[in-house]
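Participant: Kindly generate the corresponding structure for this input.
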Amino acid sequence: PIAVPLVQKDSVPAGLVPMLVFGFACTMSFCTGTSWGTMAIVFPIAVPLVHGLAPGDDHLLTTTISSILAGSVFGDHCSPFSDTTVLTAMACGASVMTHVRTQIPYAVMVAAAGVV
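Facilitator: Numbering: from 1, shown residues only. Alright, predicted model coming up:
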């Protein structure tokens with residue numbers, strides 16, 4: 001795995017990896033507007049990374065996979081570049097930024113609760 005040497009076993013506590021991956025997936029999908037594209041990029045990086053940091057820890061692997069999925073959907077839901085955001089705004093007769101501003105508080109609240 002290429003990503004494992006970048007993060008040494010002693011430098012990042014393995015328990016923080018799901019939260020870091022979640023933040024990375026949120027940011028990436030928000031900036032690109034695609035959840036599927038984010039999942040396609042993050043899965044091959046994060047899964048080998050977790051396996052290299054904590055081999056055999058199925059709980060950590062499961063929570064990291066969940067973080068990838070949740071972070072990708074969060075960013076896609078809030079992104080002004082997302083096709084679903086644009087189509088929803090058009091269908092409602094609202095501007096894209098108005099729709100984004102109404103969605104972000106709810107999504108951030110749920111994301112913060114999920115991180116805790």
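Participant: What's the per-residue pLDDT of the residue lying farthest from the centre of the chain here?
Facilitator: Largest separation from the mean C-alpha position in the chain: Gly93, at 28.8 Å (Cα atoms, centre = their mean). Per-residue pLDDT puts Gly93 at 93.
Participant: Likewise for His51?
Facilitator: With respect to pLDDT, His51 has a value of 86.
Participant: Please report phi then psi for it.
Facilitator: With angles defined as degrees, to the nearest 10, His51 sits at phi -60, psi -40.
Participant: number of nearby residues for it?
Facilitator: Neighbourhood size, His51 [other Cβ atoms under 10 Å]: 16. Bear in mind the C-beta positions are built from the backbone N, C-alpha and C, glycine included.
Participant: before we move on, what about Leu16?
Facilitator: Leu16: 9 surrounding residues under other Cβ under 10 Å.
Participant: before we move on, what about the one 10 residues further on?
Facilitator: When counting by other Cβ under 10 Å, one arrives at 26 neighbours for Cys26.
Participant: Same check on Thr85?
Facilitator: Neighbours of Thr85 (other Cβ under 10 Å): 20.
Participant: got a list of contacts for whichever strand or helix holds it?
Facilitator: Here Thr85, judged by DSSP states H and E, is contained in helix 83-92. With Cβ atoms under 8 Å, 6 or more residues apart in numbering as the test, helix 83-92 has contacts from Gly33, Asp76, His77, Cys78, Ser79, Pro80, Ser95, Val96, Thr98, His99, Val100, Gln103.
Participant: what about the third one, how many neighbours?
Facilitator: The burial metric for His77, expressed as a neighbour count using other Cβ under 10 Å, is 22.
Participant: so it is in which element?
Facilitator: Going by DSSP H and E, His77 is in helix 58-78.
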